[in-house]
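Student: Next input, structure requested:
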Amino acid sequence: MADEHDESILGTGVTTRQVEAFGRKVAATTDHLMGGAASGAYQSALTNIHRELRRPAIQRSVFSFAQASPRETIRARLSTSEIQHRALTYIPDDLLTNVPEDENTYSLFQGFQATIPEDDAARETRRKDRRKSERGRKLLEDGAGNEEEEGRGPPALRRLKKEQERANHRHEMLGIRKNMCSAEIVEIDKKISNLQMMRKIVLDRLADLEEDELKLEQEIGELDIKVEDMQALAAEEEAAEAEKGLAESTETVTDTTRDDQDSTGAGVATPRTETAEGEGFMSESIYQKIPDNSAKPRRQKLTKRKSMPIRHGHFEPGTSIREIAAHPDLITALDFDAPFGTMVSAALDDTLRVWDLNSGRCLGLLEGHRASVRCLQVEDTLVATGSIDASIRLWDLSKIEYSPFESGWTETAEGDEAEPPQSSQAKPSSKAQSSSSTAECELFSLEAHVAEITALHFHNDTLVSGSADKTLRQWDLVKGRCVQTLDVLWAAAQASSTPSGSAPATQWRTTTRLPDASADFVGAVQCFDAALACGTADGMVRLWDLRSGQVSRSLVGHTGPVTCLQFDDVHLVTGSLDRSIRIWDLRTGTIFDAFAFDSPITSMMFDARRIVSTAGEDVVKVYDKTDGRQWDCGPGAQKTNSSSASSSGNIIEKVRIRDGFMVEGRRNGTVGVWTC
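Tutor: Reported below is the predicted structural model:
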């Protein structure tokens, strides 16, 4: 028994005997403090306590307990499995306070049970389990006698009850599934909202990167120009030094010869050379004042952007990027080189303006035409414009000084209303500055037509123009002169007078249709190498061979003047005032597809995926060639049914598209930039 009492408690080194002695001493101390016992007993108790505390065993146990960490203490009292269980089942209070409220009334087990497929085996197993559970519940509630009474019903009634139970169970499972789907949709919506926010942040970051990229490219271009200037200056200095050295050597030789002649006394006269005087005379002759187109400067090598903007491809189709109050009058022509690049616009206010689509500001005016510009084309940094004054001018936009100036027009960002100036004669407030910024842009002027230019197109060094004088002219942009004139009326007369047996029926198709006097005789042209397509007021589309100057094929189908056309390797797309757009197969010359509209087609263009057209409305008709979908894009696309009537100011006249980046010009002079 003594050994048992000497055993330590919980391995602490303290025996039961020591604990009992410590209890008696504490009781004596309490009795002294509470009951006023003699001080001798209190002193004796304290002496015994100090004596017990001086024992080595008790000191070691207390010291080991004080030195042990909480982790070691827990590991000494609990097993590893119990520690893991408590760690997994414990949830801190701060996490419990942030737990979102769950609106789902079904548990996780019920949701898992509802997802089990409904097959015969599963239904049979579930039916047996339900029968067992019901039997056990009835035994507990009503006793075994009630179960026998329930089983005495008719078999048909029992089957109906079973069918009813199965139907109720299936209905319950369907409700659980429906609730789970609804909760999943809510979670997906939340994720989509967060992703949209992140997408907007990344899109803004992409826009900043593209702006920095554009600034860096402009800086690189300026450095290239400075390097070329320094190289040219160094070459001039070297040439000047060489001429100076040559002049000194020539003077030395002349002096030596003169000395020799003086010393010999020879009186031989040297013939006088009049070359320098003759050259000076010819430089002052009247022939220099006669313009010579063959002496025009050659077209300079055009610089291209090293990188193309891509952020417009990440906008939703039909998103309005910018609206610019470009002119106070109807837009007659516009074109741009690349998304967020440079745009040139012309209007009936007789101005020709250059715009930066990235910032939405005007870079300057191209001055030189004496009337409004009817057609233009932008390719890289080269611009060709055709005017009512019967002239064609070529401009190099790389020579523009990109200096900002106050243009007097109100420019707005996306979603704002643009307010054009009240006066149609308004000009930029800093006309001298705008003129100086574009003074060196004009390369040369082509003047041979005798009536207004209504259509033009250039490719490489060849430009083809169509005029109201009913002719087409081919121009050499290197020499700056006309190399061929094509008479459209003569070609039409030749086609109508050709005997039916002299040419294949598929090559020549005659028409008795008369041209529309109110429409442009030459509505649209496009050239590529030696191929030329031309649409005229008689509704004909003629394909020319520029090598022979003859019409190789005529496409008959339109019943009104052709106003626009464009072709690629396989198809030719044409738009007409007969309110239709036709797609032709160039390999067979037949109609591949056609689209009808409510109004005449005034402008049309397509890229690799979409065809855009304007038909006298405040929207642009967009046709997706990939999926065959048609939809509207423009200021009137978001109108309600009650306000579906198009305002005359927002009617779109011209449209251009490149790589899903669309620019449209309206009757009120506003230019809209969209993604489609």
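Student: tell me the pLDDT at residue 291?
Tutor: For residue 291, the pLDDT comes out at 43.
Student: swap that for residue 112, sorry
Tutor: 66.
Student: again with residue 396
Tutor: 91.
Student: tally of neighbours for it?
Tutor: Look at residue 396: counted by other CB atoms under 10 Å, it has 19 neighbours. (Glycine included, C-beta is placed from N, CA and C.)
Student: same thing with residue 632?
Tutor: Neighbours around residue 632, by other CB under 10 Å: 16.
Student: Check residue 60 too.
Tutor: Per other CB under 10 Å, the neighbour tally for residue 60 reads 12.
Student: How about the residue lying closest to residue 332 once chain neighbours are set aside: which residues does it bridge to?
Tutor: Spatially, and ignoring its direct neighbours in sequence, residue 332 is nearest to residue 346 (5.2 Å; CB to CB, 6 or more residues apart in numbering). Assessed by DSSP bridges, residue 346 has beta-bridge partners residue 333, residue 352.
Student: Distance-wise, check residue 346 relative to residue 334.
Tutor: 7 Å (CB to CB, to the nearest Å).
Student: Now do the shared contacts for those two.
Tutor: Overlap of the contact sets of residue 346 and residue 334 (by CB atoms under 8 Å, 6 or more residues apart in numbering) consists of residue 376.
Student: from memory the residue nearest to residue 332 sits against residue 333, does it?
Tutor: Yes: Residue 346 is in contact with residue 333 according to CB atoms under 8 Å; the separation is 4.5 Å.
Student: more neighbours, those two?
Tutor: Neighbours were counted for residue 346 and for residue 333 using other CB under 10 Å; residue 346 has more, 28 against 24.
Student: Give me the pLDDT value at the more buried one.
Tutor: On pLDDT, residue 346 comes in at 95.
Student: For it, list the residues it contacts.
Tutor: 331, 332, 333, 334, 352, 353, 372, 373, 374, 376, 385.
Student: Most widely separated two among these?
Tutor: 353 and 374 (15.4 Å; CB to CB).
Student: neighbour count winner among the two?
Tutor: residue 353 (25 against 21).
Student: Pretty sure the more buried one sits against residue 362.
Tutor: Yes: applying CB under 8 Å, one finds residue 353 in contact with residue 362, separated by 5.6 Å.
Student: domains for this structure, by residue range?
Tutor: Annotated domains of the chain cover 2-92, 109-138+159-232, 311-640+651-675 [automatic domain parsing].
Student: and those domains as a markdown table, adding distance to residue 247?
Tutor: Output for those, formatted as a markdown table (distance: least, CB to CB, whole Å):
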| stretch | distance to residue 247 |
| --- | --- |
| domain 2-92 | 97 |
| domain 109-138+159-232 | 22 |
| domain 311-640+651-675 | 34 |
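Student: out of those domains, which comes closest to residue 239?
Tutor: Per CB to CB, nearest to residue 239 of the domains of the chain: domain 109-138+159-232, 10.5 Å.
Student: Residue ranges in the stretch 1-150 of the chain under the pLDDT threshold?
Tutor: 1-15, 32-42, 62-63, 65-68, 98-150 (pLDDT under 70).
Student: Against residue 606, how distant is the spatially closest residue to residue 398 that is not a sequence neighbour?
Tutor: Distances taken as CB to CB, 6+ apart put residue 381 closest to residue 398, at 4.3 Å, once the chain neighbours are dropped. From residue 381 across to residue 606, the span is 24 Å (CB to CB).
Student: Repeat that for residue 56.
Tutor: Residue 56 is 101 Å from residue 606, by CB to CB.
Student: Compare the two (neighbour count), which wins?
Tutor: residue 606 (19 against 8).
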